[in-house]
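Student: Give the three-dimensional model of this entry:
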Amino acid sequence: MRKITLLSVLLLALGTATEVLGQTSSAPNPRQAAPAITLQKASQQQKIAVPARNTAPQVIVSPVQPGAVPKPAATTPRREGQPVIQIAILLDTSSSMSGLINQARAHLWDIVDNFSKFKQGDKRPRLEVALYEYGKSSLPASEGYIRQLVPLTDDLDTLSERLFALRTNGGSEHCGQVIDTCVKELDWLDTKGTLKAIFIAGNEAFTQGPVKYTDACAAAAGKNITVSTIHCGNEAAGISGQWDKGAALADGSFFNIDHNQSVVAVAAPQDKELAKLSSELNKTYLPYGSMEMQQFRSANQMAQDANVAKLGASVVSKRAASKASSFYNNAGWDLVDKVKNDKKFDITKVKKEELPKAMQSLKPEELAGYVAKMADERAKIQKQIAELASARDKYVAAERKKQAAEAKAAGMDAPAAALDAAINSSIEVQASKAGYTVPEKP
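Tutor: Numbers count the residues shown, from 1 in each chain. Below you'll find the predicted structure:
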């Protein structure tokens, strides 16, 4: 079986893969230098230094002070009649899994961007993602070395913040128990057309722990939740560890990946403008609530922009595209999204001290007009981002096709993105069961 990245695995079961980035592990090794990887472009060669697997990570930007209790996710209420995609990602955070964590950080926005293209009839779905870590010795043994980081939520910035806060250390990986916990704890919907899936990634035997994986996967299947297993290592070890059997029990897929794999990303001419527009978009947000929460939500939005910037222009562009989509809904703290999504919301009822400072001096009858002005400005920027992102997708697809042709001519394996055909085939099977359609790739 061919090795692929975590993003390709997630999208192989649920979405369309686009581009894959180089990853790093957290254990420093000054003796290993970053290998230079050469990318042949139309008129130039572009050398990109990809960090070696044992180089130290970049400094993580976070609005949460060390030791402070994390702020809860600002989840928005579900809208009646809107289709929902629910995904739980269970990540092994034992000592050797830094590369896996880095892949999840880098590819969150690829996943969001791709899911934003899904439709059920003429409706765009709501995306809810939950995140668990397991297998770390610093987690309580009494709870199976398991911790829920984020419940099912559409607050994507909080999800990103928790991903970037993850650290690894040794422990015991109880796959059956974390699946069982996830199935029981989360607010899984039991409505027709809801797409529900669990992705569990790790590298030890699937059989560890007090809860049998057979029982846990059967329980998931009983709630129409698929379980896809992602073994970080070679296929033979995954099969001997029974990762394949876990997936088979819950109508999921089994994969093996190289979680430390490094691949050159495609730089696109739209990247610089997308980064600029992403920053401009932030200026249209009007946080409300306590001053502490206003400051935190705004700071977290900018912090996640800064975190993805450390991963490269390609990730920045994907986050920009996601921020311009309907999935990036911040009605839990932003007045523009709140007014847009809650038709019963009366802005004049918001306490003066819970309004943004720029609005506190306005008269009650002026509040709605101010929000509408910001909404118009945001819509213009989102339109620009959507157009640039579409052009970027086409550019990247053409570059990937060119790379595949060059690799084939040189007798080399095709780039990871050449797995797109398999990815599209898989998503069509699973999404069609829930009545979803996905646009064709450029």
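Student: Report all helices and strands that the lengthiest helix in the chain contacts.
Tutor: When secondary structure is assigned using DSSP state H, the longest helix within the chain turns out to be helix 364-409. With contacts defined as 3 or more Cβ pairs under 8 Å, 6 or more residues apart in numbering; DSSP states H and E, helix 364-409 has these neighbours: strand 36-40, helix 271-282, helix 313-323, helix 335-341. From N, CA and C alone the C-beta is placed, and that goes for glycine too.
Student: closest one to Ala389 among the ones you listed?
Tutor: Distances from Ala389 to each of the helices and strands packed on helix 364-409 were compared by Cβ to Cβ, and the smallest falls on helix 313-323, at 3.8 Å.
Student: The residue in the chain sticking out farthest from the centre and Leu355, how far apart?
Tutor: Among the residues of the chain, the one whose C-alpha is farthest from the average of all C-alpha positions is Lys363, by Cα atoms, centre = their mean at 40.4 Å. Distance check for Lys363 against Leu355: by Cβ to Cβ, to the nearest Å, it reads 12 Å.
Student: Look up how far Val316 lies from the residue most central in space within the chain.
Tutor: When the chain is reduced to its mean C-alpha position, the nearest residue by Cα atoms, centre = their mean turns out to be Leu108, at 2.1 Å. The span separating Leu108 from Val316 equals 13 Å under the rule Cβ to Cβ.
Student: swap in Ile200?
Tutor: Separation of Ile200 from Val316 (Cβ to Cβ) stands at 29 Å.
Student: With neighbour numbers in mind, choose between those two.
Tutor: For Ile200 versus Val316, neighbours defined as other Cβ atoms under 10 Å are more numerous around Ile200 (30 against 22).
Student: who does that one bridge with?
Tutor: Applying DSSP bridges to Ile200 gives these bridge partners: Leu90, Thr229.
Student: was I right about it contacting Ile225?
Tutor: No. The pair formed by Ile200 and Ile225 falls short of the contact definition of Cβ atoms under 8 Å, at 11.8 Å.
Student: if you average pLDDT over stretch 310-326, what comes out?
Tutor: Average pLDDT, stretch 310-326: 94.
Student: Now do it: everything it contacts.
Tutor: With Cβ atoms under 8 Å, 6 or more residues apart in numbering as the contact definition, stretch 310-326 has outside contacts at 18-19, 21, 58-59, 105-106, 109-110, 112-113, 116, 124, 156, 265-268, 270-272, 274-275, 277-278, 281, 304-305, 308-309, 328, 381-383, 385-386, 389, 392.
Student: Likewise for stretch 160-171?
Tutor: Contact partners of stretch 160-171, identified using Cβ under 8 Å, 6+ apart, comprise 26, 60-64, 70, 91, 93-98, 101, 104-105, 108, 131, 133, 135-139, 145, 149-150, 300, 303-304, 307-308.
Student: and that stretch, which residues are buried?
Tutor: Applying a neighbour-count criterion of 16 or more other Cβ atoms under 10 Å, the buried positions in stretch 160-171 are Ser160, Glu161, Arg162, Leu163, Phe164, Leu166, Thr168, Gly171.
Student: Which ones among those residues lie within helices?
Tutor: Using DSSP H, the members of those that fall within helices are Ser160, Glu161, Arg162, Leu163, Phe164.
Student: nearest to Gln294, of those residues?
Tutor: Distance to Gln294, by Cβ to Cβ, is smallest for Glu161 among those, at 16.3 Å.
Student: Could you measure from the closest one over to Val150?
Tutor: Going from Glu161 to Val150 by Cβ to Cβ gives 9 Å.
Student: can you give me the helices for the chain?
Tutor: Secondary structure of the chain by DSSP H: the helices cover 6-14, 98-115, 156-165, 175-185, 213-222, 235-240, 243-249, 271-282, 291-309, 313-323, 335-341, 364-409, 420-433.
Student: what's the angle from the third one to helix 313-323?
Tutor: Counting by axes from the mean of the first three to the mean of the last three Cα atoms, to 10 degrees, helix 156-165 lies at 150 degrees to helix 313-323.
Student: Can you get me the centre-to-centre distance for helix 156-165 and its chain?
Tutor: Once both centres are worked out by Cα atoms, centre = their mean, to the nearest Å, helix 156-165 turns out to sit 9 Å from its chain's centre.
Student: ok, now the shortest one?
Tutor: How far helix 235-240 lies from its chain's middle: 27 Å, per Cα atoms, centre = their mean.
Student: returning to what we had before: now the residue nearest to the centre of the chain. Nearest residue, chain neighbours left out?
Tutor: With Cβ to Cβ, 6 or more residues apart in numbering as the measure, Ser160 is the residue that lies nearest to Leu108, at 5.9 Å, once sequence neighbours are left out.
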